[in-house]
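**Student:** Mind looking at a prediction? Sequence and model below.
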Amino acid sequence: MLKILGIESSCDETAAAIVEDGRDILSSVVASQLDTHGKYGGVVPELASREHLRAIVPVVRQALDEANTDLKGLSAIAVTAGPGLVGSLLVGVTYGKALCYASGLPLVAVNHVEGHIHAVLLEERKKRNEVPLPALALVVSGGHTHLFGVSAPGAYRLLGKTRDDAAGEAYDKVAKLLGFSYPGGPILDQLAPYGSPHAVRFTLARMKGNELDFSFSGLKTAVLRWVERHNLTAEIEARRQLSRTSNRPSVEEWLTVTPQTTLDLIASFQATVIEELLRRAVVAAAEIEAQSIIISGGVASNRGLRNATLRFPEFSFFFPSPGLSTDNAAMIAAAAFPKFERHDFALLDFRAQASLPLAK
Ligand code: KG4
Ligand code: ZN
């Protein structure tokens, strides 16, 4: 039995988890900073580092307690080495190094994006089911929109990525523009079924060079132009008011301040993002003769995206459960497992890297 403590602090979640044999989650603690950043409409890096500093010790202690273990019961400590906000990464990396120094445990450095892929591999392993390889992985979150070919755990080839905004970032920016609270992705996803996805026609991005790259800035600008052409000042103000007065408004509350035309816009925006994501994912999957398609990262919890995969019955899709879609440390501990087996350890002087690539 091999227990790994995972520590994740790349963005606005301080997380720690203990995973046994890369498969069994003994504990997974996530301290979200939503209340800190929500009022600013996005993550404020300086505040994020401060909050990580405040949370890291109790979060790790809670993960150890819930797993009924202590440092002596562990085989290794894994930390997110990047990509992410450097000040945030540093908190987890420094604490992980200190724990390794004090305990003599080996340190494993994990790429956050690889963690998102392992969120899926972990759950399938738990079901005694292996994801058939080669797989195509679409990692889609607030910070990333990447397509990777996965030939084995640890062997990745970058096939395409966003040239501007990540898909989750586009969701959050469009939501902010419309007066919704942060993060806007889940809110737009919940409202999309109330609108018509065909009401507003957005053009799909055409990519010169690598056709497997993504772009979402054109879509974001098209939404902005639409908002400028329609007079939404009063409804936007009503939604801002609602976000100020209610802590996490419900769908019903949002619906009271969102007219049908705006619901149609939201549904059309969501349909376009999903189209952009899936059409490139299936082309890439066919190109590498993938046996399966893994979709992971915060946007993987999008219900519209999950439903839309049914349009491609020729592919087997694998998603993480919602709790493992967004940032967590279980995925970091799981990604560390094959590295541990390969004795792929980090030196105590390794550095966190804001733009750490997973594959070229
Ligand atoms: O993976 P994650 O927790 O953090 C990053 O690594 O970025 O992803 C957070 C992102 C946010 O942009 C959030 O709006 C988006 O994922 N997100 C969603 C949904 N749930 C979370 N976007 C669309 N639909 C959702 N249901
Ligand atoms: Zn993430």
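**Tutor:** Looks like it arrived, so ask away. Numbering: from 1, shown residues only. Ligands and ions are numbered 1, 2, ... in the order given.
**Student:** ok, which stretches of the stretch 101-250 of the chain are helices?
**Tutor:** 112-126, 167-177, 184-191, 217-229, 233-245 (DSSP state H, counting those that start in this stretch).
**Student:** Would you reformat those as a markdown table and include mean pLDDT?
**Tutor:** Below are the helices of the stretch 101-250 of the chain laid out as a markdown table (pLDDT from 0 to 100):
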| stretch | mean pLDDT |
| --- | --- |
| helix 112-126 | 94 |
| helix 167-177 | 97 |
| helix 184-191 | 97 |
| helix 217-229 | 96 |
| helix 233-245 | 95 |
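**Student:** and ligand 2, which of these is closest to it?
**Tutor:** Ranking those by their distance to ligand 2 (criterion: C-beta to the ion) puts helix 112-126 first, at 5.7 Å. Where you see a C-beta, it was placed from the backbone N, CA and C, and this is true even at glycine.
**Student:** Would you mind pulling the contact partners of stretch 283-293?
**Tutor:** Residues outside stretch 283-293 that contact it (C-beta atoms under 8 Å, 6 or more residues apart in numbering) are 131-138, 147, 149, 157, 159-160, 211-212, 281-282, 309, 315-318.
**Student:** what do you get for stretch 119-126?
**Tutor:** 19, 22-25, 130-131, 153, 294, 296, 318-321, 324-325, 328, 330-331, 334.
**Student:** quick one on the thing from earlier: which entries within the contacts of stretch 283-293 meet the buried criterion?
**Tutor:** For those, a burial check counting by 16 or more other C-beta atoms under 10 Å picks out 131, 133-138, 147, 149, 159-160, 212, 281-282, 309, 315, 317-318.
**Student:** Leaving out the residues flanking it, which one is nearest to Asp24?
**Tutor:** Leaving out its chain neighbours, the residue that sits closest to Asp24 by C-beta to C-beta, 6 or more residues apart in numbering is Lys126, at 6.8 Å.
**Student:** and the one you found, how many neighbours?
**Tutor:** 13 (other C-beta atoms under 10 Å).
**Student:** Make residue 1 into 20 and carry on from there
**Tutor:** In the new numbering, first residue 20, that becomes Lys145.
**Student:** ok, it to Leu93 distance?
**Tutor:** According to C-beta to C-beta, to the nearest Å, Lys145 stands 20 Å off from Leu93.
**Student:** again with Ala211
**Tutor:** Where Leu93 is concerned, Ala211 sits at a distance of 43 Å (C-beta to C-beta).
**Student:** Backbone torsions only: list them for the closest residue to Gly61 other than its chain neighbours.
**Tutor:** Leaving aside its sequence neighbours, Gly61 sits nearest to Tyr201 (C-beta to C-beta, 6+ apart; 6.0 Å). The phi/psi pair for Tyr201 (degrees, to the nearest 10) reads phi -100, psi 140.
**Student:** any idea how far Tyr201 is from Val159?
**Tutor:** The value you get for Tyr201 to Val159, if C-beta to C-beta is used, is 18 Å.
**Student:** what do you get for Thr252?
**Tutor:** From Thr252 to Val159 the distance is 32 Å (C-beta to C-beta).
**Student:** who has more neighbours, these two?
**Tutor:** Ranked by neighbour count (other C-beta under 10 Å), Thr252 and Val159 place Val159 first, with 28 against 10.
**Student:** That one against Ala319, yeah?
**Tutor:** Yes: the criterion here is C-beta atoms under 8 Å, and Val159 meets it with Ala319 at 6.3 Å.
**Student:** what helix or strand does Gly25 sit in?
**Tutor:** strand 22-27 (DSSP states H and E).
**Student:** Relative to the next helix or strand after that strand, what are the paired strands and their orientations?
**Tutor:** Next helix or strand after strand 22-27 toward the C-terminus (DSSP H and E): strand 32-39. As defined by DSSP bridges, the strand partners of strand 32-39 come to strand 22-27 (antiparallel), strand 43-51 (antiparallel).
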